[in-house]
Structures are given as structure tokens and as C-alpha cells.
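Asks: Build me a model:
(3 chains)
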Amino acid sequence: MKKTPLLVILALLLILPLVVEDVNFQHVMLMMLIFAGLGEAWNIITGFAGQTSFGHAAFFGIGAYTSTVLFYKFNVSPWIGMILGALFAGIVAFLVSYPCFRLKGHYFAIATLAVAEIIKQLFVSWDYVEGATGISIPVVPDSFWAMQFHRSKIPYVLIAYGLFVFVLFVAVAIERNKMGYYLKAIRESHEAAEALGINTARYKLLAMIVSSMLTALFGTLYAQYILYIDPFMVFGLDVSMKIVLLTVLGGLGSVYGPIIGAAILIPLSEYTRTLLGGTGKGIDLMIYGILIVIVVVFEPRGILGLLRKRSRRRLNYGKSNA
Amino acid sequence: MRKLLAVLVVLLSFVVMAQEVIKIGAIFPLTGAAAATGVKIKYAVEVAQEIINGVYPEINLSLAKSAGLPNLNGAKVQFVFADHQGNPELAMAEAERLIRNEKVVALIGCYQSSCTKPASQIAEKYGIPFVAGSSSSAALTERGLKWFFRIAPHDGMETVFFFNYLRYLNEKYNANIKRVAVVYIDNEYGVHAALMVKEKIKDFPEFSLVADVKYPVSATNVDIEVQKIKAAKPDAIFHASYIGDMTMFVKKYKEFNVVPKVVLSYCGGYQDPQFVVNLGKDADYFAGTNATTPALFAKMPILSKINEMYKAKSGVDIDGPTLEDFASALVIAEAINIAGTTEPEKILEVLKTHTFEAPYFVSEKIKFGPDGQNIYSASVMTQIFNGVYEAVWPEQYQTHEPVPQFPDWKKR
Amino acid sequence: MSMLAQLVVTGVLVGSVYSLVAVGLTLVWGLMDIINFAHGDFMMISMYTVFWLYALLKWDPLVSLPIAAFVAGMIGLLTYKLVIKRVLNAPGLMALLATFGLSLFIRNLAQFLWSPNYRFVGESILSGKRLIISDVIVGLPQLVAALGSIGMTLAVALFIKKTKFGKAIQATAQSREIAELMGVDTEKVYMFTFALSGICVGVAGTLLSGIFPVYPESGAMYGLLAFVIVALGGFGNIWGAFYAGIMIGLAETIGGFYLGTQFKYAIAFLIYLLVLQFRPKGLFGW
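Replies: As a prediction, the model looks like this:
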């Protein structure tokens, strides 16, 4: 992979929100960075290793809840909460991986969905974390320690950018490392990978844990940005699907995919809503939905496929392993 | 020369000010599961905007008589609508966008309390008044926010109102109500209402809680919930449900022949006029708090006029939650008018001190307490008879006597 | 005891409607390996068809059943023609993305056209009627919905098994290439399978219209449960989907009643995870 385009994209992502002062634009950029990062994290288990997860909201929510509960109950800095949240997410990923990885293809995908829905219901019913009522994060004056910035969105954007670059770095490192080749071997053919002597169980588990931990990091940032969380917004199927859809739209299995997908879907949904959402007729979501259909129908290989003009083997997920 | 210039400047500024449009943000669920209510609220806020900007001498409201806000040289008010889809993230983002990009001077919204929380947090951050109409979670006014106000009685007040009503039925009609069940949806609205029941019932020792039935959001059926309720044999059922689930419950009550003495509903599904449309005579005898009811229109000419305008848009009579959000629109516009400026601190001062005329409510006025909660509860207990929401309590508003016993389902 | 009997009866009634929704989904999933996210929304459209025929022409839901089924079938057919056909050979999750967009479009089109109000088919031949068999109460609308679902599932299963066209579907599911070599018009097979899937969910929607509110999001939860049921039964397996639906219905009612009604769907998801530990390709998967 050539480095130049990636560096150009990274530079653009950093400069744009800093020079454009429009607060709505900054919000869109922030959401873009968060979801591009989530897409990168999800890509590790699904794009590289070929194990479709429909349940990444579980890890996102665990990240959000860990830091929030620690800050809300014990005044622990969200930065520490972020790290602990990632650890918890890793532990949960480890625990649920055992039953889930026995399943292949769509059976696995539905299992991850089931796990996420169960975890959501547990949080809804868990009084210690305020259950369905949700938690309003106590507002404190601007502080790096408390990860709260009220005067400007720029610090949030910078944190999101930092997390995104970190996740991207991990993803690129995995892709180039032997782990990346192993994961892709598993994706192409489970049996062949085993025949080559790859410990498939171990590498899938490793990929799942890394992916879930990275996902949890963004959960903390999201909670600190919105300053309110409830189980429906962080554990919802909507979150899981958004991650899946934007990565697929951009291009599965490539580090560019989530960036491109997020750069299209997030502004599209934000701007159609701000332009037409006030009509109360659902026109914005109609347009959003039909545009997705049109893009897919005319470019079924994803945007990346369009950019590359010819499809590459790496995009052919799902043909052999599903 | 200098004088002339000064006069010119003054005149010019008048012209500029007269053409000025004052924008107020209105964030509601216009798509998604709660869109049915959100869209109705939008109609009501549009009616409020027409009343403020137009001339309606027949409506006895201070802002109806002149076009625009008289103290700001007839400046027009424009409500800028935004859709949060029931998602707190979007409520927060829209609040910020409206304040920063649309330059709104105040916000109203957001129906669901879970969305009102983060959106009002943003208003607090920017020092902009936020007036919530129908969001009912008591937690909203317990946050100690400076810029937050709420018109509807919160679920804690509603709960006390419910128990007092039961007490009234026991005393006046010998209803002999003892066993209470609470049935609620498993989200912030339902769970918080149920929490209030468990808390307030301690002050009413003659009642005991015999069932606590929580059902999931977007339930496909409520069969087992109803069987649980039936097994507990409650005299009174408190419902915190939306229109879709509430309708399913009523159908199942009929099927399983559940015959309580009273069913009282928190602000939610029961108040939606669609409840009567969908259920016909099966909706009779259900009861709940409501800020208004068509039965009161005859007694309240201003409300009736407002309803006429609303009905022309929506096709249905105005209901409680919708009227509360209508009130939030009028109150904020009036506060700006009295302040005579869009300066936030001045508006805040008015909101904190002024008693607003609200002839469309039975309480007739709105005044916010130190926590931002409207101290005049506009609620009346309503009960449905022959498809009409009749006011049954307190007695001074009564349009029909309450019936503290469901008849057998077969004898309807 | 009578409580348990009541719960079992309710579970079977609830589950059999889940089954029919899932049967439609499993047909497409098994044949084309496509997850149709808009499946529940096809059901919503059929419910609106029933509602409008009732509201405007006073038709009973049972009378409008063929029309609602036809409408949903046509939407399935069009979906195939306009969307699915072009993404059949695309990477795995592209079709999911397309159907997700379609689902969003259909739901909001419904809101645009018919407002987001919750509606009900108030009066019908069945409404309000019930059977009481020693303590156990069975609502007639639900009973008819269950019987209709079972009948429809049976019809679909027979159609697949006995008719020539059904055999062509089976052959195509095994291998598209071989089926084509044998002279099967696989294009036609795909198209009609999608239509049949729509018809199944259209019938389910009609049967549900007496007991479930009609609104733009009506299909959402049914669609989600259908995913789990299809996987629990084994992809592409009609009777698998049928029994899995009943199983989920029973888990929901019995589990929900004794463990807490708020957990009823969580219990259904848990059942899936547990069963799949022993049958990793579903109850009837091969």
C-alpha cells in the first residue's frame, strides 16, 4: 500500500475542522472521525478475518458505560475510564468469543447480534448504572482531566483524531504483520488456513479482542461528548449497523474503506437531516435511504471498487467463507 | 444636521428591527417510533406561531392581538424545527446547530425526556433559555440547571395526583380501592414513573403495590404481561405506555376479561385521540391525567379557538401533551416580548419572575418555581365515556361524574 | 397448572406468526445468501393495505388477505428486479447495505404518505371473539393468525417439495451453475422466490393487523426476531424456521412470565446462543 494518499487524507482530516469554524461542520467531522475509527476497529474482525460482527455496539456501550459510571460515581478521570473500558470490552469479547466462534458465517453474525441485544437488556435492567433512565454526566468546567470541553469542539475533534490515528495505526500494523496474512487466510478459507498450520482459533480470538478494545475507546469519547448516555443509544442495533454499513459502503477489508464510507454516509445523514428533517415528513430519511440503494445498485463493489476501477481479490469477502 | 442624522439612525434601526425575525429552535421527534406525537406537536407549535405573528382579536391572549411581538416593534417569531428521531445524540447536535448556525434565541422541546436532557444541557452551556413542554421525567428539574423550565407536571406530581384521586374515589364513592398495579414500558419514561409510584405510595398507606410489570420497548405482544396483571387482581392499574402498546393492552384486557376498578394513565398513549379512534367503545372507562380535553372546550372559549386552528392542520382535537408544547411556544415568545429584547439574561429574568397568562389551561396561569418547574399543575383527571374524554376531577372542572368500576366487558 | 397451559397456548400462538415471517425470510436467505433487511417493512406495507381497505371500503381483513399478499409479493418481486438482481454477485454484505437503504426508504415513505399515526383495524369478523377451553383463554384473531400461519407454511413447504418449480428452487439453492446447466431459468427462480417471500410476509401482516398496531415501524421488531429465528432453524430450512418460531414464542412467554417480562426478547436471544452450541448450523441445518 502506498503511504501518500493515506497521509494526505490524514492531513485533510486534521486541518479541515481546525480551519472551518462552523460548529455544525465540526460536529459532522467529529462524528465522521468517531465512526471511521469504529469502522477501522470493526474491519479487523470482519474485513480482515472475515467474521461478520453485528454486535459491536456491545463494546462501544461498555466503553461508554465504564468511563461514565467511574466518573459519575467515583470521580475517576474518563481517561482512566477509557483504558478500563477497553479492558472490560476485551474481557467481554474473550468471554463471548468462545461460544460465538464455534459458529460460522451468518450463524456467527446473528450470534453477535444476540449477544449485543442481551447485554443491552442487562444494562437496561441494571439499577446500579441507572438502568433505562440513563446517566447525565455531571458537567464540570473545561478540563482535560475530566474530558469535558464546553467552549469549543476542537479538543473533542483532536481527541477523536488521535484515537482514529491510533486505531488506523493498529489496523495497518496488523494488516502488514503476519497476523494480517493469517487473518486473511482464515477469511479466504478456514480449512486451508488450518491446513497451513495457522492456529485459527487463537488468531480469531486475538482479532476479536483487539477490535473490541479499540471500539470501546470511542464509546468513552462519545459519552463525554454527548454528556448523557442510556442503553438504547449506545447499545442499540442502530450503532452496530451504522458501523457495518459505512465500512461496507466504503470497502470492506481495506483501511481506506471506513474512511471513505464515513466521509460519505455521516455528512449525508447529517446534512439531509438538517436541511429537511424539520419538515416532519421523513423526507430526509427517504432521500438518505434511496441514495444508499442507488450507490449500491450502481457500484456494487463499494466506493473503493469504483476508485480502483477493477475489483481486487481482497474485496471478495463472503464468497468462500459464508 | 446631526439631529437629522440621529433621527435617521433611529428610524432606520426601527425599520431594521421591524423586519427582524426572532428565531426559536423547536426540537421534536419528527421521524421514528415517536413521530406520531412529534408531528402533532409540530402542528401545535405552528398554530402558536400563527397566533403570535397574526392578528386574532377574538383570542384573548396578549400576543394574539397584534402582529408579531409588540414590545419589539412587531418583530415576527419563527420556530425553526429540527428532528431528533428519538436519539439523544441528535437532540444534542441539533440544539447546538440551532444555537450556533440558526442563531435561535431560545429552545423548546424535546418530548422524550431522554432527548430533553442533553439538549437542555447545551442550552445551559450557551446560556440560552430552554422551555420544555411535555417532557415529564422529574429528573429534568432536579439537575439544578439555571436555564431550564418545564410546563408539564412531572411524573412525581402526576403520581401524587393519581393517589389523591384514588383517595377521593374511596371517600366519595366508597370505591374500596386498595390494590395497585403499575404497568410500564422499559425505558426512561416508564421506569421513572414506576420509581415515583414506589416512592409516593409510602405517603398513602391505604394502598399496596401488588404488581410491577415492565415490558420491553417495541414489544410484539403483551399477552404474558396481561396474564401477570390478571393474576395480581389489582383494583387500580397505573399505566406508563405509548399509544401502540396501550392499545394492545386494552385488547388483551378485554380478551382475558381483566376488570379493574380504575385504570389511570401517565401522560402518554391514553391521551392520544387515536386511542379512542382505534378502540371505539372499548376505550370507555379508561382514565388519565390530561392538560386538556375536548369536553372542556365548551367552557373555555380561547382553548376552543386554538383547537379550531389546530384541528384544521392535524384533523384531530388537541390533546394534553400537544397543548403543553403549544404552551411552551407561547410562553417563550411572551417572555421575549416582556423582556423587550432577545438578550438571554433579560429573558431569563422574565421566565423566573413573571406569572404567565394561560387561559387555555384549567390552571389559567404558568409560573416557574426556583427549580424551573411550573408550580401550577394544569392537570385534570379525565375518563372516557362514549368515546369522549370527560373531566372528572377536581370537582370544579367536572364535566361528568367519575365511574370507579369497570363494567364487565361483555356488558358494554 | 392452568397458568402454564395458558402460557404454552399463548407461546404457540405468538410463535406461529413469527414462524411465517421467518419462513419468508429463510426462503431468500437460503437460496441467495442474502439478508433482506427490508423484510419486516414488506409486512408493514401489507398491514397498511389491509388497514386502508378496511378504513375506506370497510373490507374485512380476511377478505383483503389475497390483495395484501399480492401487494407484498409484488414489492418483493420489484425489490428483486430493481435492486437485488444487481447486487447478487457483489461482495457479501453489499446486498445487506442495499436492503437497509430500502428499509429506510419504505418506512419513511409510509410516514410521508400515511402519517406516523398508530392505527388499528378496529372491527372485523373475528375481533373481540374468544374461546375458553377449561380456564385457557384463546383470542380468535390470534387463533386464526396462528392457523393461517401454519397453513401457509404447510403450503409453501409442499410447493417447494412437490412442484417442478419448487424443485428448481431447491436445485438453484444447491448450486446455481449446475441448476442452469440442467436448464433451470435461475433468474426466474430468484424472482419468484423473492415474490413468494413477500407473499408469506404479506399473509403474516394481514393476520397480524387485527392484533398489532399499523404504523411505519410495525415491521421492525418482527424483522429482527425473524433473523434470529431463521438462524435458529437453519438457513433455508422452512420447517426449521417454523419450529424455531414456535420455540422462540414459547421461550418468550414462559421465560418472560417467570423471569420478568422485560427480559422476554433477551431470553429468546439466549435460547439461540444455547441451542447453537449443540447445533452450530441451527436446529435443522445440515
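
Asks: How much space separates A:Ser77 from chain C?
Replies: Distance of A:Ser77 to chain C, given as CB to the nearest CB, to the nearest Å: 33 Å. To be clear about C-beta, it is placed using only N, CA and C from the backbone, and glycine gets the same treatment.

Asks: One more: A:Glu130?
Replies: Where chain C is concerned, A:Glu130 sits at a distance of 15 Å (CB to the nearest CB).

Asks: The helix or strand encompassing C:Leu7 vs chain B: in contact?
Replies: According to DSSP states H and E, C:Leu7 maps onto helix C:2-32. Yes: using CB under 8 Å from any CB of the partner chain, we find that helix C:2-32 touches chain B at C:Met3, C:Gln6, C:Leu7, C:Thr10, C:Val14, C:Tyr18.

Asks: Please check these and keep the buried ones.
Replies: The neighbour-count criterion (16 or more other CB atoms under 10 Å in any protein chain shown) marks C:Gln6, C:Leu7, C:Thr10, C:Val14, C:Tyr18 among the residues of helix C:2-32 next to chain B as buried.

Asks: Next one, pLDDT for the residue nearest to the last one when sequence neighbours are not counted please.
Replies: Okay, so that is C:Tyr18. Nearest residue to C:Tyr18, sequence neighbours excluded (CB to CB, 6 or more residues apart in numbering or on different chains): C:Gly245, at 4.0 Å. pLDDT, the model's per-residue confidence, is 96 for C:Gly245.

Asks: Am I right that C:Gly245 sits in a strand?
Replies: No: judged by DSSP: H, G, I helix; E, B strand; the rest coil, C:Gly245 forms no part of a strand; its state is helix.

Asks: How much space separates it from chain A?
Replies: Applying CB to the nearest CB, the value for C:Gly245 to chain A is 15 Å.

Asks: show me the residues around that residue that make contact.
Replies: By CB atoms under 8 Å, 6 or more residues apart in numbering or on different chains, C:Gly245 lies in contact with C:Gly15, C:Ser16, C:Val17, C:Tyr18, C:Ser19, C:Leu20, C:Val21, C:Ala22, C:Ile229, C:Gly233.

Asks: One more: C:Ile106?
Replies: For C:Ile106, the contacting residues are A:Gly289, C:Ala38, C:Asp41, C:Phe42, C:Met44, C:Ile45, taking CB under 8 Å, 6+ apart as the criterion.

Asks: can you tell me which residues contact the residue of chain C found nearest chain B?
Replies: For chain C, the nearest residue to chain B under the criterion CB to the nearest CB is C:Pro116, separated by 3.5 Å. Residues counted as contacts of C:Pro116 (CB under 8 Å, 6+ apart) are A:Gly282, B:Thr31, B:Ala35, B:Ala36, B:Gly38, B:Val39, C:Tyr215, C:Pro216.

Asks: Need the nearest residue in space to it, chain neighbours excluded.
Replies: Excluding its sequence neighbours, the residue lying closest to C:Pro116 (CB to CB, 6+ apart) is B:Ala35, at 3.5 Å.

Asks: That neighbour is in contact with C:Gln111, isn't it?
Replies: Yes: here B:Ala35 reaches C:Gln111: they are 6.1 Å apart, a contact under CB atoms under 8 Å.

Asks: Highest neighbour count among the contacts of C:Ile106?
Replies: Neighbours were tallied for each of these (criterion: other CB atoms under 10 Å in any protein chain shown), and the maximum of 34 neighbours falls on C:Phe42.

Asks: list the contacts for that residue?
Replies: C:Gly24, C:Ala72, C:Ile75, C:Gly76, C:Thr79, C:Ile106, C:Ser197, C:Gly198, C:Val201, C:Gly202, C:Gly205, C:Gly219.

Asks: cutoff 7 Å now
Replies: Shown in contact with C:Phe42 (CB atoms under 7 Å, 6 or more residues apart in numbering or on different chains): C:Ala72, C:Ile75, C:Gly76, C:Gly198, C:Val201, C:Gly202.

Asks: Taking the residues you listed together, which two end up most distant?
Replies: Between all members of these, the longest pairwise span (CB to CB) is found for C:Ile75 and C:Val201 and amounts to 9.5 Å.

Asks: Looking at those two now, which is surrounded by more residues?
Replies: More neighbours sit around C:Val201 than around the other of C:Ile75 and C:Val201, counting by other CB under 10 Å; the figures are 34 against 22.

Asks: what about that one, which helix or strand?
Replies: Secondary-structure assignment from DSSP H and E places C:Val201 in helix C:186-208.

Asks: which secondary structure elements does that helix contact?
Replies: Here helix C:186-208 is seen to pack against helix C:2-32, helix C:39-57, helix C:61-79, helix C:140-162, helix C:164-174, helix C:176-181 when contacts are counted using 3 or more CB pairs under 7 Å, 6 or more residues apart in numbering or on different chains; DSSP states H and E.
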